[in-house]
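Chemist: sequence first, then the predicted structure:
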Amino acid sequence: MRLINSKDHYGLISILLHWSVALLTIGLFFLGIWMVDLGYYDDWYYQAPWWHKGLGFIVFLLVVLRWIWQPIAGKPKAISSSPVWQQLAAKVVHQLMNLAIVLLAITGYLIVTAKGESLGIFDWFSIPAISKLSVETSDLVSKLHLWSGYFIITLASFHALAALKHHFINKDATLRRMLNL
Amino acid sequence: MKKTIFALAMSTVFTLPAHAADYVIDTQKAHAFIDFRIQHLGFSWMSGRFNDFEGTFSYDSENPEASKIDVKIDVASVDTNFAERDKHLREQFLETAQYPDARFTSTSFEQLEDGTLLMKGDFTLHGVTKPMTIPVEKVGEGDDPWGGYRVGFYGETSFIIEDYDIDVSKLGPSSQEVFLILSIEGIRQ
């Protein structure tokens, strides 16, 4: 199996990057929604945010890696049977999902560092705060974090439904080539 | 005319001690603090404060029972020295988007024999108003070094958080009550 993409195939690296970002992002979304309502005596009260921060950082790194990797690996051609508007819509959704991840990473970092504390990534290292935020800004930032989460899950649902539609209705290679089948 | 103004000015000066003077709480130069403490797990104390509030009071040492006070607190300014906890307090407990202000307005003052002044009033927090009594004592009063006149008080009280419709049941049995520590300095107007 090739590592690099070809005209009509994704290579192993692109496939792994795609699915790891997808699974981690969905996981982080549900982890985030769940952890904010945990009771103080819950075992996961401190554990869940610890994972959320660490994994969030990993996803951000993976997305940066994808950006670096994509021009190196080349991009398979769009499935030519799709109408132009669908190819365009797919591109817009891809870029909006990237944007949402960047927003999630930035706002997540700002929530933790709002008062000058650093952001701990697992127990490996911590990222220091750049600036302190006012209460108003900090509340806005945490809303933005939540909304970006809902936004990316909505986009990912469209993205997944479109892939399934290609697979079952159009019966083309869209989904298969991302699964290396 | 000049005489009238002079007479008026003199009468104001000479009648001042007999009337309660109006004071503005010195939040501008931060000589007033609304601190709180709450037990953590029953093992220790966690303390915090409200950074932003404003208020006025009137006070006369000759007639302390005629005092009045009105303090408005910006609840979102809650500060426990930890950004994530403060966010949690604002969003899950104090719900500051819905209830941005807390307020204490006095209704009466009672002077006790030992010099303590019982400050009674209505305290509004989280949209709920309840009567609250805060024993306060005067720390001191007099001319400040910059041409003004100041008086300062210290008071402590506590209340059950649940009384203000804030659900703290998940915080454990030791953390149901919050202690308020008030250090208030006013500048005479």
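Modeler: Looks like it arrived, so ask away. Residues are numbered from 1 along each chain as shown, chains lettered A, B, ... in the order given.

Chemist: pull the distance from the least confident helix or strand in chain A by mean pLDDT to the chain's centre.
Modeler: Within chain A, no helix or strand scores below helix A:174-179, which has a mean of 85 by mean pLDDT, DSSP states H and E. Chain-centre distance of helix A:174-179: 19 Å, with C-alpha atoms, centre = their mean, to the nearest Å.

Chemist: repeat that for stretch A:71-89.
Modeler: How far stretch A:71-89 lies from its chain's middle: 20 Å, per C-alpha atoms, centre = their mean.

Chemist: contact partners of the least confident helix or strand of chain A?
Modeler: A:8-10, A:15, A:18-19, A:76, A:79, A:163-164, A:166-167 (C-beta atoms under 8 Å, 6 or more residues apart in numbering or on different chains). Every C-beta, even on glycine, is put in place using the N, C-alpha and C of the backbone.

Chemist: next: stretch B:97-106.
Modeler: With contact meaning C-beta under 8 Å, 6+ apart, stretch B:97-106 is reached by A:139, B:50, B:55, B:57, B:67-76, B:90-91, B:119-127, B:132, B:134.

Chemist: quick one: end-to-end length of it, please.
Modeler: 26 Å (C-alpha to C-alpha, to the nearest Å).

Chemist: secondary structure class for B:Arg150?
Modeler: Here B:Arg150 is recorded as strand under DSSP: H, G, I helix; E, B strand; the rest coil.

Chemist: buried residues in whichever strand in chain B runs longest?
Modeler: As assigned by DSSP state E, the longest strand anywhere in chain B is strand B:128-143. Across strand B:128-143, burial judged by 16 or more other C-beta atoms under 10 Å in any protein chain shown covers B:132, B:134, B:136, B:141.

Chemist: any idea how far A:His16 lies from A:Lys115?
Modeler: I think there's a mix-up here, since residue A:16 is Leu and not His. Note on A:Leu16: its distance to A:Lys115, by C-beta to C-beta, to the nearest Å, is 38 Å.

Chemist: surely B:Asn81 meets B:Gly48?
Modeler: Yes. With contacts counted by C-beta atoms under 8 Å, B:Asn81 reaches B:Gly48, the gap being 7.2 Å.

Chemist: what residues does chain A have near chain B?
Modeler: Residues of chain A lying close to chain B (C-beta under 8 Å from any C-beta of the partner chain) are A:36-37, A:39-41, A:49, A:111-117, A:135-136, A:138-139, A:142.

Chemist: show me these that map onto strands.
Modeler: Per DSSP E, the residues of chain A next to chain B never map to strands.

Chemist: which stretches of chain A have low pLDDT?
Modeler: A:1, A:181 (pLDDT under 70).

Chemist: please identify the residue most distant from the middle of it.
Modeler: A:Tyr41 (30.4 Å; C-alpha atoms, centre = their mean).

Chemist: and it, its phi and psi?
Modeler: phi -90, psi 0 (degrees, to the nearest 10).

Chemist: quick one: it from A:His9, how far?
Modeler: 51 Å.

Chemist: and what of B:Ile166?
Modeler: B:Ile166 is 58 Å from A:His9, where distance means C-beta to C-beta.

Chemist: among these two, which residue is more densely surrounded?
Modeler: B:Ile166 (20 against 17; other C-beta atoms under 10 Å in any protein chain shown).

Chemist: list the ones among the residues of chain A next to chain B that fall in helices.
Modeler: Those of the residues of chain A next to chain B mapping onto helices are A:49, A:111-113, A:135-136, A:138-139, A:142, per DSSP state H.

Chemist: pLDDT score for B:Thr4?
Modeler: Looking at B:Thr4, its pLDDT stands at 58.

Chemist: ditto for the one 5 residues further on
Modeler: Listed pLDDT for B:Ala9 reads 55.

Chemist: so B:Gly121 lies in a helix, does it not?
Modeler: No. Using three-state DSSP, the assignment for B:Gly121 is strand, not a helix.

Chemist: mind checking the SS state of the closest residue in space to it that isn't next to it in sequence?
Modeler: The shortest distance from B:Gly121 to any non-neighbouring residue, by C-beta to C-beta, 6 or more residues apart in numbering or on different chains, is to B:Ser106 (3.9 Å). Here B:Ser106 is recorded as strand under three-state DSSP.

Chemist: roughly how far does B:Ser106 sit from chain A?
Modeler: 28 Å (C-beta to the nearest C-beta, to the nearest Å).

Chemist: list the residues that contact A:Ser148.
Modeler: A:100, A:103-104, A:107.

Chemist: pick the one among the residues you listed closest to chain B.
Modeler: Looking at the contacts of A:Ser148 and their distance to chain B, the nearest is A:Thr107, at 12.0 Å (C-beta to the nearest C-beta).

Chemist: burial measure for that closest one, as a count.
Modeler: A:Thr107, neighbours per other C-beta under 10 Å, totals 20.

Chemist: what distance do you get for it to B:Phe43?
Modeler: 33 Å.

Chemist: so B:Glu162, which state does it fall into?
Modeler: Going by three-state DSSP: B:Glu162 is helix.

Chemist: what's the answer for the one 5 residues further on, then?
Modeler: Secondary structure assignment for B:Asp167 (three-state DSSP): coil.

Chemist: now A:Ile130
Modeler: Going by three-state DSSP: A:Ile130 is coil.

Chemist: and A:Asp172, by the same measure?
Modeler: At A:Asp172, secondary structure determined by three-state DSSP is coil.

Chemist: if we ignore the residues flanking it in sequence, what's nearest B:Ala76?
Modeler: Closest to B:Ala76 by C-beta to C-beta, 6+ apart is B:Thr96, at 4.0 Å.

Chemist: residue contacts, that neighbour?
Modeler: A:139, B:75-76, B:78, B:90.

Chemist: of the ones in helices among the residues of chain A next to chain B, buried ones?
Modeler: Among those, those buried by neighbour count (16+ other C-beta under 10 Å) are A:49, A:111-113, A:135, A:138-139, A:142.
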